[in-house]
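Chemist: 3D model of this:
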Amino acid sequence: MDVKGNHSSPVLTDPIPISKSKLSIHSNLLSYPQTGPSFSSGKCIGISRKKPGKLDDVRSNGWLDAMISSSPPRKKLNKDFGVEVSSDDADTAYRSWMLKYPSALNSFEQMTGFARNKKIAIFLDYDGTLSPIVDDPDQALMSDDMRIAVRNVAKCFPTAIISGRSRDKVFELIGLTELHYAGSHGMDIMGPINKRMSSDHLNCIECTDQQGKKVNVFQPAREFIPMIDEVFRALVENTKGIKGTRVENHKFCTSVHYRNVEEKSWPAIAQCVHDILKEYPRLKLTHGRKVLEVRPVIDWNKGKAVEFLLESLELSDRDDVLPIYIGDDRSDEDAFKVLREGNRGYGILVSSVPKETNASYSLKDPTEVMQFLKSLVVWKKMEGVGVSMNSRRSI
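Modeler: Have a look, this model is predicted:
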């Protein structure tokens, strides 16, 4: 099954990628040297609570368009299918879209046929993939059945969570020690101990986790923590007058959620973020589903995190490995793209509306994700039975 594609990623990319090593994960990942205010004092230098600047700024730079296209009203589809339609028309459009991105459930036999005699590695986003999208991020809880399904998958295959949330937060929400965790869009990775990785890559250290197990922790944006703290405090202060706004600090990035903000106030949010970021040229803005995310300008994303984890697991550069990544948001597109390149694996987009994507397959919602994970476990057990029976016949 050919999973190649030529879709471009909708995620904003770094202007000058650095490639000092195989994975470009040395400490000098910066695209250009630091300018602007210092971030060592713990104070928001030059940033105080003030009215937003001219809204022409965020209109001209396309931020408002990006906010709208990444957060479509329910009566519309999205930027690519952005006309008002009836529910019947929407269903027709979705079925048509699935011809290009077929259901991973309906295509399961075909996928596992390709996976036969290969070692599968599973990568999962959290919000919108393992848990539903809800108005309050703290209430985005996975069900007990989903937790059991993820645990069972992890018993059969190397499994990692790659989330935009902080690593500590996503571990708190999932609570499974059988997994590997990457938070802050892969900028904070806790993976299996690998002596070569910790010696080859700066910012990769050996430490002990909460269970006393030796692990590698890789944090390519460690030096940005004070800067992110400053920007977080500035964003909290400058948006507190906009009802419904929620700002989260994910340690290596910070998010401004506008899911509960009236659309007429979106320009004010965008302008607040713009006014702060123009003081920090080492930070960039990316767009998610009703969220603005501020990240360091380094050559790193979820796709790079997948490559790092595969190398940590000693599964890179092998023809007998099939990575599968399941996610629902723009930040997951970098991972989908990595797997498409060279026909390396499968990306599965979780979406109930048509979207252009680098994924190869689709699932409608977290319920279908759980069903897919359960199917993988059953298939793996049946494969084991098949191998056992064949071994007995050969004796």
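Chemist: what's near enough to touch residue 218?
Modeler: 25, 188, 189, 191, 197, 201, 203, 204, 205, 308 (Cβ atoms under 8 Å, 6 or more residues apart in numbering). In short, each C-beta sits where N, CA and C put it, glycine included.
Chemist: can you pull the pLDDT of the first one?
Modeler: Going back to what we said before, that points to residue 25. On pLDDT, residue 25 comes in at 38.
Chemist: can you give me the strands in this structure?
Modeler: In the chain, the strands defined using DSSP state E lie at 119-124, 159-162, 180-183, 188-192, 204-208, 214-218, 246-249, 254-257, 283-288, 291-296, 321-327, 346-350, 361-363.
Chemist: mind checking which of those strands is nearest residue 336?
Modeler: strand 346-350 (3.2 Å; Cβ to Cβ).
Chemist: and that closest one, what's its mean pLDDT?
Modeler: Strand 346-350 shows an average pLDDT of 98 in the prediction.
Chemist: helices or strands up against it?
Modeler: Counting contacts by 3 or more Cβ pairs under 8 Å, 6 or more residues apart in numbering; DSSP states H and E, strand 346-350 packs against strand 321-327, helix 333-340, strand 361-363, helix 366-394.
Chemist: Give me the buried stretch members for stretch 137-150, please.
Modeler: Of the residues in stretch 137-150, 137, 140, 142, 146, 147, 149, 150 count as buried by neighbour count, 16 or more other Cβ atoms under 10 Å.
Chemist: I figured residue 168 was touching residue 175, is that so?
Modeler: No - Residue 168 is beyond contact range of residue 175, at 11.8 Å (criterion: Cβ atoms under 8 Å).
Chemist: okay, those two: which has more neighbours?
Modeler: residue 168 (14 against 11; other Cβ atoms under 10 Å).
Chemist: Please determine how far the more buried one is located from residue 203.
Modeler: 18 Å (Cβ to Cβ, to the nearest Å).
Chemist: How about residue 350?
Modeler: Relative to residue 203, residue 350 is positioned 31 Å away (Cβ to Cβ).
Chemist: So these two - more neighbours on which side?
Modeler: Shown here are residue 350 and residue 203; by other Cβ under 10 Å, residue 350 has more neighbours (25 against 17).
Chemist: Report the buried members of the contacts of residue 218.
Modeler: Buried members of the contacts of residue 218, counted by 16+ other Cβ under 10 Å: 25, 188, 189, 191, 197, 201, 203, 204, 308.
Chemist: which residues of the stretch 51-200 of the chain score low on pLDDT?
Modeler: 51-56, 60, 71-88 (pLDDT under 70).
Chemist: close enough to count as contact, residue 125 and residue 330?
Modeler: No - in this structure, residue 125 is not within contact of residue 330 by Cβ under 8 Å, at 11.0 Å.
Chemist: the more surrounded of these two?
Modeler: Remark: of residue 125 and residue 330, residue 125 carries more neighbours, 25 against 21, as counted by other Cβ under 10 Å.
Chemist: ok, now how distant is that one from residue 171?
Modeler: From residue 125 to residue 171 the distance is 15 Å (Cβ to Cβ).
Chemist: related to what we said a few turns ago, I'd like to know which of the helices and strands packed on strand 346-350 is closest to residue 92.
Modeler: That would be strand 361-363 among the helices and strands packed on strand 346-350, by Cβ to Cβ, at 16.0 Å.
Chemist: Quick check: of the buried residues of stretch 137-150, which lies closest to residue 103?
Modeler: Nearest to residue 103 among the buried residues of stretch 137-150, with distances taken as Cβ to Cβ, is residue 149, at 17.7 Å.
Chemist: Enumerate every residue touching that closest one.
Modeler: 370, 373, 374, 377.
Chemist: and the gap between the residue lying closest to the third one once chain neighbours are set aside and residue 183?
Modeler: Translated: residue 374. Once flanking residues are discounted, residue 374 sits nearest to residue 149: 5.4 Å by Cβ to Cβ, 6 or more residues apart in numbering. Look at residue 149 and residue 183: by Cβ to Cβ, they are 21 Å apart.
Chemist: now residue 244
Modeler: 25 Å.
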